[in-house]
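In: Any chance you could fold what I've pasted below:
(one chain, ligands or ions: 1)
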Amino acid sequence: MQGLIKGNMDKKNIENQINELRNLLNRCNYEYYVKNSPIISDYEFDIKLKQLEKLEKENPEFFDPNSPTQRVGSDENQEFKQVYHKYSMLSLANTYSESEIRDFDSRVRKLLPLGEQFEYVCELKFDGTSISLTYENGLLIRALTRGDGQKGDDVTNNVRTIKSVPLKLYGNDFPKDFEIRGEILMPHSSFEKLNKERAEIGEPPLANCRNAAAGALKTQNSAVAAKRGLDCYLYYLLMDSLPSDSHFENMKIARSWGFKVSENTVKAKNIEEIINFINYWDKERYNLPYDIDGIVIKVDKISLRDTLGYTAKTPRWAIAYKFKAEEAAVKLLSIDYQVGRTGIITPVANLEPAHLAGSIVKRATLHNEDIIKGLDLHENDTVYIEKGGEIIPKITRVDLSKRVEGSKPIEYITKCPVCGTLLVRNEGEAGRYCPNYLGCKPQITGKIIHFVTRKAMNINCGEATIELLYNNKLIQNYADLYELKSDDVKKLERFGQKSAENLISSINDSKTVPFERVLYALGIRFVGEGAAKTLASTFLYIDALIAASKEQLSEAQDIGEIIADSLYTWFRKRENIEIINRLRRYGLQFEMVKTEDLNSSLSDKLQGQSFIVTGSFVTPQRREELEKMVKEFGGKLQTSVNSKTDFVVAGQKPGASKIKKAEQLGKKIISEEEFLKMLE
Ligand code: IVH
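Out: Numbers count the residues shown, from 1 in each chain. Presented below is the predicted three-dimensional model:
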């Protein structure tokens with residue numbers, strides 16, 4: 001009896017600890033992502049999050065889908081089910097002209113009883129993808145896209161990963177259930193990062209932040225959505241009885257519950273104040289960290305909404321003023337061709353300087369050969385440039401009326417602008433590249449620069465230092481870094497004894513960098529951070545990767561033919577293997593798990609059999625446990641079903657494509673219980 005009471009007390013204690021950590025981390029997320037004022041360091045946050053993860057793993061009975069630990073998403077592919085909106089999701093009437101805004105104001109005044117006092121609310125029109133969130137008892141229970149306005153896709157799992165969306169509300173004066181609508185955005189910084197990553201793996205860039213946000217929201221894998229750096233602003237509260245008769249007040253109240261509500265919303269008494277707001281934001285929008293495409297004007301008093309009414313698709317109490325996309329027509333002066341570390345050629349247009357969106361523009365990205373062809377760009381053309389999310393604008397079209405007679409179409413270069421080697425274009429790729437990876441300077445230094453970056457080997461040295469070391473013939477490739485002597489380095493300009501020693505010690509420190517980052521650091525074409533991670537955890541050590549066939553490589557999750565091809569070719573080159581062998585000798589990490597650990601399976605009951613675990617189990621941790629058991633009992637864990645699969649352990653809602661493939665190949669699909677029986 002005593003024991004039972006003590007056990008219960010311990011559990012109560014643990015539950016309290018878990019709740020305290022959850023509350024603290026929720027608050028940290030709110031202060032950081034909603035209010036932009038962090039209250040603890042990233043390091044402290046990570047420590048607390050790890051503590052909570054550990055406690056939740058050890059005590060699965062306290063699992064909560066709204067715990068801050070759940071914001072990382074899941075690797076399991078999801079299908080979005082369609083759900084009806086409780087209140088249909090309307091759109092807004094649009095206008096591009098000031099006079100139509102004046103018409104809107106007159107219409108509103110005509111529809112309202114004479115002398116009715118009212119104000120407008122002016123808001124930013126966020127350029128993302130709309131979302132409707134449902135909360136019950138203070139907890140996020142559903143997130144739906146607009147869909148056709150009547151029913152949308154259930155994207156709750158992805159929305160849970162957006163840090164500015166509260167999973168649990170503040171205080172206790174929120175209604176028992178309500179909906180709140182807003183916009184999911186991709187801030188410029190996340191957009192640039194994403195396009196950089198896409199370029200690294202040979203994917204074409206996404207056109208704008210709106211498309212990128214919509215795409216991220218619909219990714220099947222919520223762990224991927226979690227990495228997209230999305231944000232969410234809310235602007236519309238819906239429930240049968242609202243807290244206030246003022247929309248402005250309601251949004252202020254929603255802010256106090258933890259929602260991100262824009263600070264840039266204002267009240268306007270008359271049309272002049274509205275026009276001032278429009279003009280102010282038409283210029284100021286370029287200083288925002290995300291895109292807006294206009295201004296929304298709403299009648300503030302909720303009780304007037306019914307009087308004003310609705311058309312079939314839009315309310316009569318609101319209107320959107322859309323900004324004209326700012327573009328400039330400029331003369332194309334020339335095209336530079338830059339050579340990247342993997343030999344990829346990136347064309348950049350030099351333009352006649354012009355004012356655009358608050359800054360002077362002299363250059364525009366052209367991305368690749370196909371984009372130049374698609375624009376049908378000719379020498380001396382006048383082109384239109386527009387700013388999307390990126391700092392450097394893009395060319396949207398050519399002004400054909402200004403084409404100089406007899407001007408020639410741009411002829412893409414056929415030789416490397418640096419080393420003169422004939423460029424190569426592989427089938428299925430959008431650009432050409434220089435194959436002279438051993439002798440083309442920007443490729444050599446570019447690879448070393450990539451090798452030392454923070455996300456790769458994290459060696460404390462910048463581009464200028466690499467150039468200096470290379471120009472002084474101290475390094476020819478990244479393996480040479482590990483042969484550097486401080487006596488040689490200190491003789492270089494800008495270096496002294498201390499800075500030379502610091503560099504050498506930072507190089508030595510990099511020897512403990514884990515395998516997945518070493519693999520990324522090697523700079524193999526198309527092998528970005530994500531691919532390196534998957535490859536490392538699938539193949540576990542470098543020799544397995546080197547020995548793998550193209551088919552085996554492409555069987556790993558998310559490794560397509562292009563990446564598999566690139567890896568296979570890279571490992572077939574003698575000089576690359578020599579570099580790997582040298583790095584191995586210097587003590588870099590080339591395996592994921594120590595060989596002793598690999599051999600230390602609990603039993604060999606599952607020896608020679610390959611498994612896949614799919615679907616959800618009682619807790620997300622349970623799935624990890626099952627996967628661990630496969631390895632501990634000597635089995636092989638796979639990430640996709642193929643001819644080598646022996647068993648598919650399926651939980652609830654298993655991946656549909658995995659089950660289909662398993663059925664096609666006649667593989668055994670078993671439950672968790674059946675799997676556990678195999679271990680008895
Ligand atoms: S109110 C019934 N407010 O614009 C009216 N919409 O073109 C509901 N949008 O579908 C919308 N910022 O996705 C509203 N401050 C804002 C907005 C906004 C962006 C989007 C929203 C809507 C679309 C209409």
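In: where's the residue in the stretch 51-200 of the chain that the ligand sits nearest to, which helix or strand?
Out: Nearest to the ligand in the stretch 51-200 of the chain, going by Cβ to the nearest ligand atom, is Ser130, at a distance of 3.1 Å. Every C-beta, even on glycine, is put in place using the N, C-alpha and C of the backbone. Per DSSP states H and E, Ser130 falls inside strand 129-136.
In: swap in Leu583?
Out: Assigned by DSSP H and E, Leu583 falls in helix 574-586.
In: Next: Phe451.
Out: Counting by DSSP H and E, Phe451 is part of helix 441-452.
In: State the three-state secondary structure for the most centrally placed residue in the chain.
Out: Residue closest to the average C-alpha location in the chain (Cα atoms, centre = their mean): Arg228, at 1.7 Å. State at Arg228, reduced to three classes by DSSP: H, G, I helix; E, B strand; the rest coil: coil.
In: so what's it up against?
Out: 186, 190, 194, 212, 216, 219 (Cβ atoms under 8 Å, 6 or more residues apart in numbering).
In: so where is this structure shaky, pLDDT-wise?
Out: Counting by pLDDT under 70, the chain shows low-confidence ranges at 1-7, 9, 202, 388-391, 593-603, 618-621, 680.
In: how about the residues of the protein that lie near the ligand?
Out: Residues of the chain lying near the ligand by Cβ under 6 Å from any ligand atom: 90-92, 123, 125-126, 130, 183, 235-236, 296, 315, 318, 320.
In: Of the residues you listed, which qualify as buried by neighbour count?
Out: 90, 92, 123, 125-126, 130, 183, 235-236, 296, 315, 318, 320 (16 or more other Cβ atoms under 10 Å).
In: Which of the residues you listed fall within helices?
Out: Using DSSP state H, the subset of these located in helices is empty.
In: Could you tell me how many residues sit around Ser222?
Out: By the criterion of other Cβ atoms under 10 Å, Ser222 has 23 neighbours.
In: and what of Ile360?
Out: The burial count for Ile360: 8, using other Cβ under 10 Å.
In: So it is in contact with Ala354, correct?
Out: Yes - counting by Cβ atoms under 8 Å, Ile360 does reach Ala354; the two are 7.1 Å apart.
In: Contacts for stretch 79-97 next, please.
Out: Counting by Cβ under 8 Å, 6+ apart, 101, 104, 130, 132, 134, 142, 144, 146-147, 149-155, 179, 181, 218, 220, 238, 294, 296, 310-311, 313-315, 318-322, 324, 656 sit against stretch 79-97.
In: Of the contacts of Arg228 - the most surrounded one?
Out: Met186 (31 neighbours).
In: For it, give me phi and psi.
Out: With angles defined as degrees, to the nearest 10, Met186 sits at phi -110, psi 110.
In: Next up, the contacts around it.
Out: With Cβ under 8 Å, 6+ apart, Met186 has these contacts: 128, 194, 209-210, 212-213, 216, 228-231, 290, 389.
In: same thing with Arg198?
Out: Arg198 touches 204-206, counting by Cβ under 8 Å, 6+ apart.
In: Could you tell me which of these count as buried?
Out: So, by 16+ other Cβ under 10 Å, the buried ones in the contacts of Arg198 are 205-206.
In: tell me which of the contacts of Arg198 is nearest to the ligand?
Out: Distances from the ligand to those, taken by Cβ to the nearest ligand atom, are shortest for Leu206, at 18.8 Å.
In: Point me to the helix or strand that includes the nearest residue to the closest one once chain neighbours are set aside.
Out: In space, and not counting its chain neighbours, Leu206 is closest to Ala212: 4.5 Å by Cβ to Cβ, 6 or more residues apart in numbering. Assigned by DSSP H and E, Ala212 belongs to helix 209-217.
In: residue contacts, the residue lying closest to Gln652 once chain neighbours are set aside?
Out: Closest residue to Gln652 apart from its sequence neighbours, by Cβ to Cβ, 6+ apart: Ser616 at 5.0 Å. Contact analysis of Ser616 by Cβ under 8 Å, 6+ apart lists 76, 623, 651-653.
In: Can you name the residue of the stretch 501-650 of the chain nearest the ligand?
Out: Gly530 (29.9 Å).
In: Packing partners of the helix or strand harbouring Leu332?
Out: Following DSSP H and E, one finds Leu332 within strand 327-339. On a contact count with 3 or more Cβ pairs under 8 Å, 6 or more residues apart in numbering; DSSP states H and E, strand 327-339 meets strand 345-356, strand 382-386, helix 441-452.
In: Could you provide those in JSON lines, with additional columns for mean neighbour count?
Out: JSON lines is the format used below for those (neighbours: other Cβ atoms under 10 Å):
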{"stretch": "strand 345-356", "mean neighbour count": "17"}
{"stretch": "strand 382-386", "mean neighbour count": "20"}
{"stretch": "helix 441-452", "mean neighbour count": "21"}
